[in-house]
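3D model of this:
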Amino acid sequence: MYSFPRVHPALAVAAAIAWLGAAGAGAAHAAKSSSKSASAKPSAATATPASTTAPVPAWVAKSNQNAQVLLGVMAKFAPEGAARLGVDGYDEKIYDLTSGYEDRGNQALAAAQADLEKRAAAETDPPVREDLDILVHTIDLNLRTNALDHKYNLPMFDMDQLVFQGLRGLLDDQVPAQRRAAALVRLKRYAGQEKGYTPIAELAQARIRERMGETGLRRPFKDELEKNLSNGPRYVDGIAKLFTKYQMKGWEKPYAALKTQLAAYDDFVRKEILPQARTDFRQPAELYSNALEQYGVDMPVEELQSRAKTSFQETQRAMQALAPLVAKEKGWTVTDYRDVIKELKKSQLEGDAILTLYKKRIGDVEEIIRRESIVTLPNRPMAIELSSEAEAAAIPAPNMQAPRLIGNTGERGVFKLPLQVPGAPGEKDKKFDDFTFEAASWTLTAHEGRPGHELQFSSVVERGASIARAIFAFNSVNVEGWGLYAEAELFPYEPLDGQLIALQHRLMRNARAFLDPGMQLGTISRDEAYRLLRDDVCLSDAMATEEVERYMFWAPGQAPSYFNGYSRLLEIRENAQRALGPRFDRKKFNDFILAQGMLTPSLLSKAVNEEFIPAATQASAN
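Take a look at the predicted model:
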């Protein structure tokens, strides 16, 4: 999982993109907002992809100039996200939730769309035109999403998380010390302690009250609200820990004010919104269809479920064939894959031993990648950390926190590993046992690290993909598809127990592709989904709970993206192998895929057919 935002689906384009690594996977209600004073567009000098050793091609430079139009909207309406992504000049700016923020955001997006459509009509350079189409489509999807959200949903904001993430984006080891000082300015502005600023929690409450009297608006889902409220103290406490860690001065007074304001907001939600909360998690068909499109799912739901169910059965059979071999190697008498996984999980690691294992595994995986010529590795080490309590609340699953993609000066992606998932209100936190044992470290490192997500983002940083391809083409299908593909590339070289857990993780992705739509369509209950995940996929209670919450309210529509993306990427590779035969070179193919940035499967297929295959054919002819 790459860490994409737990934000409201109608949030302006930037928040859906720029909060990579800032929040968890899902659609928890954060802010759809605009910045009070962020009217200036980022300059071309500051809003460029990460520097690379190779010169920027002329078409990329031209494309990046076009991208400034949308980056300007991003910076104005989601300044915290834009700053985290790498746009300079927005570290002190915050969301503006004053009345009319939705209309202002939509108007700015519509104006940007008209500008870019005009440029596209006059553009004759094919790759530049393709990038313009990406930008226009991004805006169109955001405008349609905003309209649907306004039509169906009462505004709701997870303010504790929103503020934590806004400050977390600056208080980080990879953020230069001179930039961290801006966190204090943001803190004061969130608390309304600077001239011209009203406490953001009070603005959020006002925006909700504006629309509470409208008939027909869906209230938030009860379980989601309760989860947000129970996680609130973790975020608030996490803010204090961040300022303390970085030895900031003068934060205590505005923090105390903000803490009181957030508590008042949560009390408002608890007393006035929670009693009206809906108990049916299912989305209207229009909203769910839009969510699937947002995450890049391009398969019809019936086809998606059918393919996934078939693959689930095939993967179970492969696991059942492998399990006795693992048991024999370990000296166990059990042979069912479920029992063998239970035995493997008994050897749990704790604390520093977990990081020691994964750091070793990174080296093991890199050795395999070099030996088997799988892909070109970057000239930088890979980073891994255990998640803090607040980070685990935001992202209760292993994830890759993306590096700064614009103006990168050496920042790296970080593989984040949570050890527990926050329990439901009144319950204890639930501990994972799904990736803190040796056999699990192989496929998880491949997916989140190398050759998976970490390598994706390193490639964007080091090769200098255009802004449109690196950022605005980004969706869950093209990112998670590569993550599963990376697991499959490493699979043949793993030990038997590592292979069994790799298949278990594939089984989980198969399940996601029919459980998520099944639950949203009402053909599968939450209890049925939980039982399948716990009993047949062999997930811990914590992981099974996290999965079911993903389908209900974390991010309905996101879970099928893994299977969808992996299937499409395998199709693209098969077409290339069939066209090239013995001339097909796996390493060159994988390097080419990474060099394309975050293209959707359809655009990726076009690039392979029009560029990679002809180039490989010509090279062999010479």
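
flag the shaky bits of the protein, pLDDT-wise.
In the predicted model of the chain, residues 1-54, 389-397, 404-405, 409, 418-430 satisfy pLDDT under 70.

swap in 50 and give it another go.
2-52 (pLDDT under 50).

mind listing what's buried in stretch 279-298?
Neighbour-count burial for stretch 279-298 flags 281, 283, 287-292, 294-298 (criterion: 16 or more other Cβ atoms under 10 Å). Heads up, the C-betas are built off the backbone N, CA and C, glycines and all.

which residues are in contact with that stretch?
9, 16, 27, 141, 144-145, 148-149, 152, 218, 221-223, 301, 304, 475-478, 517, 519-522, 526, 552-553, 555-558, 560-561, 564-565, 568, 600-602 (Cβ atoms under 8 Å, 6 or more residues apart in numbering).

need the contact partners of stretch 336-351.
Looking at what lies outside stretch 336-351 - Cβ under 8 Å, 6+ apart - the contacts are 316, 319-320, 322-323, 326-327, 330, 332, 334, 357, 433-434, 436-439, 497, 500-501, 504, 535-536, 538.

which ones among those residues lie within strands?
Residues of the contacts of stretch 336-351 located in strands (DSSP state E): none.

next step: the buried residues of stretch 279-298 restricted to helices.
Filtering those for membership in helices, criterion DSSP state H, returns 287-292, 294.

who's in contact with residue 526?
281, 519, 548, 552 are the contacts of residue 526 under Cβ under 8 Å, 6+ apart.

what segments of the stretch 351-500 of the chain are strands?
Ranges of strands in the stretch 351-500 of the chain, per DSSP state E, counting those that start in this stretch, are 383-386, 399-401, 414-417, 420-421, 430-431.

likewise for the stretch 1-150 of the chain?
So, for the stretch 1-150 of the chain - with DSSP E, counting those that start in this stretch - the strands run 34-35, 95-96.

just the buried positions in the lengthiest helix in the chain, please.
If each helix of the chain is counted by residues according to DSSP H, the longest one is helix 301-330. Residues of helix 301-330 classed as buried by neighbour count (16+ other Cβ under 10 Å): 301, 304-305, 307-308, 311-312, 315-316, 318-319, 322-323, 326-327.

pull the distance from that helix to the chain's centre.
Centroid separation between helix 301-330 and its chain, computed with Cα atoms, centre = their mean, to the nearest Å, is 26 Å.

compute the inter-axis angle for the following helix or strand past it and helix 301-330.
Using DSSP states H and E, the helix or strand that follows helix 301-330 in sequence is helix 337-345. Interaxial angle, helix 337-345 versus helix 301-330 (axes from the mean of the first three to the mean of the last three Cα atoms, to 10 degrees): 60 degrees.

on that earlier part again, tell me the one of the contacts of residue 526 nearest residue 84?
Checking the contacts of residue 526 against residue 84 by Cβ to Cβ gives residue 552 as the nearest, at 27.6 Å.

thinking that closest one is in contact with residue 524, fair?
No: look at residue 552 against residue 524 with Cβ atoms under 8 Å: they stay out of range, at 11.5 Å.

leaving out chain neighbours, which residue sits closest to residue 305?
residue 514 (4.3 Å; Cβ to Cβ, 6 or more residues apart in numbering).

now residue 179: how far from residue 413?
Note on residue 179: its distance to residue 413, by Cβ to Cβ, to the nearest Å, is 18 Å.

out of residue 552 and residue 524, which sits in the busier spot?
Counting neighbours by other Cβ atoms under 10 Å for residue 552 and for residue 524 shows that residue 552 has the greater number, 22 against 18.

quick one: contacts for that one?
By Cβ under 8 Å, 6+ apart, the residues touching residue 552 are 221, 223-224, 281, 519, 526.

hmm, try it at 7 Å
By Cβ atoms under 7 Å, 6 or more residues apart in numbering, residue 552 lies in contact with 221, 223, 281, 519, 526.

try residue 489
374, 451.

on that earlier part again, and residue 179 and residue 413? Which one has more around it.
Ranked by neighbour count (other Cβ under 10 Å), residue 179 and residue 413 place residue 413 first, with 30 against 16.

residue 399 is in contact with the more buried one, correct?
No: using Cβ atoms under 7 Å, residue 413 makes no contact with residue 399, being 10.2 Å away.

hmm, back to that, would CSV of the contacts of residue 552 with distance to residue 370 and secondary structure be doable?
Formatted as CSV, the contacts of residue 552 follow (distance: Cβ to Cβ, whole Å; DSSP: H, G, I helix; E, B strand; the rest coil):
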residue, distance to residue 370, secondary structure
221, 47, strand
223, 46, helix
281, 46, coil
519, 42, helix
526, 45, helix
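
residue 576: which of the residues you listed is nearest?
Looking across the contacts of residue 552 and measuring by Cβ to Cβ, the closest to residue 576 is residue 519, at 35.8 Å.

so who does the residue lying closest to the closest one once chain neighbours are set aside touch?
Distances taken as Cβ to Cβ, 6+ apart place residue 551 nearest to residue 519, at 4.8 Å, with adjacent residues excluded. Counting by Cβ under 7 Å, 6+ apart, residue 551 makes contact with 515-516, 519, 529, 559.

so how far is residue 440 from residue 551?
22 Å.

same thing with residue 568?
Going from residue 568 to residue 440 by Cβ to Cβ gives 26 Å.

these two: who's more crowded?
residue 440 (27 against 22).

identify the residues contacting the closest residue to the more buried one other than its chain neighbours.
Spatial nearest neighbour of residue 440, chain neighbours left out: residue 501 (4.9 Å); criterion: Cβ to Cβ, 6+ apart. The neighbourhood of residue 501, defined by Cβ under 7 Å, 6+ apart, consists of 439-440, 443.

pick the one among those closest to residue 240.
Checking the contacts of residue 501 one by one against residue 240 (Cβ to Cβ), the nearest turns out to be residue 440, at 33.3 Å.

against residue 234, how distant is that closest one?
If you measure residue 440 against residue 234 using Cβ to Cβ, the figure is 26 Å.

just residue 109 next, same as before
For residue 109, the distance to residue 234 - Cβ to Cβ - is 33 Å.

in a markdown table: the strands of the stretch 351-500 of the chain, plus mean neighbour count and distance to residue 135.
Formatted as a markdown table, those follow (neighbours: other Cβ atoms under 10 Å; distance: least, Cβ to Cβ, whole Å):
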| stretch | mean neighbour count | distance to residue 135 |
| --- | --- | --- |
| strand 383-386 | 18 | 31 |
| strand 399-401 | 26 | 25 |
| strand 414-417 | 23 | 29 |
| strand 420-421 | 18 | 37 |
| strand 430-431 | 16 | 42 |
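
right, and residue 220 touches residue 156 too?
Yes: using Cβ under 7 Å, residue 220 is in contact with residue 156, at 4.8 Å.

I'd like the contacts of residue 501 written out as CSV, with distance to residue 573 added.
Below are these laid out as CSV (distance: Cβ to Cβ, whole Å):
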residue, distance to residue 573
439, 27
440, 26
443, 19
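
show me those that map onto helices.
Going by DSSP H, the helices hold 439-440, 443 from those.

just to revisit the earlier point, out of the contacts of stretch 279-298, which are buried?
Counted by 16+ other Cβ under 10 Å, these give 9, 16, 27, 141, 145, 148-149, 218, 221-223, 301, 304, 475-478, 517, 519-520, 552-553, 555-558, 560-561, 564-565, 568, 600-601 as buried.

quick one: which of those residues sit in helices?
16, 141, 145, 148-149, 222-223, 301, 304, 476-478, 517, 519-520, 561, 564-565, 568, 601.

what's the local residue count around residue 585?
17.

for it, grab phi and psi.
phi -120, psi 110 (degrees, to the nearest 10).

what separation do you get for it and residue 129?
Residue 585 is 29 Å from residue 129, by Cβ to Cβ.
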